[in-house]
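> Based on what follows, work out the 3D shape:
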Amino acid sequence: MRASSRRMPRLEPADWWAVRRAQNLKPATYRCPLCGYRLHAMSPHVLLSPEGDTSRRRHAHAECVAAARQSGRLPSYDEWRKTQPRPLGLIARLRRRG
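Below you'll find the predicted structure:
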């Protein structure tokens, strides 16, 4: 199979990712969205959920996810939250009115 004909899976854009361990007895094969190689459901792996939405979850190799997390490509909710501007406190909102 030529490299150009191989469908390279991709992760959809998301602000943050929920990651959890997975292993299944179902004889299924998935394609890791990070490296593009096959992943057998019976082997230990992880599930990635964009912004916690489990209906859009993807199966991935644990090693691929660890490398992507270390490089900052898969931020967790807590990591993403730290980058968001803080809402104004009560006193600041009251001063704005006045």
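> tell me which residues in whichever helix in the chain runs longest are buried?
The longest helix of the chain (DSSP state H) is helix 62-71. For helix 62-71, the neighbour count (16 or more other Cβ atoms under 10 Å) marks 62, 64-65, 68 as buried. Every C-beta, even on glycine, is put in place using the N, C-alpha and C of the backbone.
> Give me the neighbour count for T54.
Using other Cβ atoms under 10 Å, T54 has 10 neighbouring residues.
> Distance check, it against L47.
8 Å (Cβ to Cβ, to the nearest Å).
> Kindly report the same for L39.
Distance from L39 to L47, by Cβ to Cβ: 11 Å.
> As a markdown table, the buried residues of helix 62-71 with pLDDT and distance to L88 would be great.
A markdown table is the format used below for the buried residues of helix 62-71 (pLDDT from 0 to 100; distance: Cβ to Cβ, whole Å):
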| residue | pLDDT | distance to L88 |
| --- | --- | --- |
| A62 | 95 | 41 |
| C64 | 95 | 40 |
| V65 | 95 | 36 |
| A68 | 94 | 34 |
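> thinking again about what came up before, common neighbours of L39 and L47, please.
59-60 (Cβ atoms under 8 Å, 6 or more residues apart in numbering).
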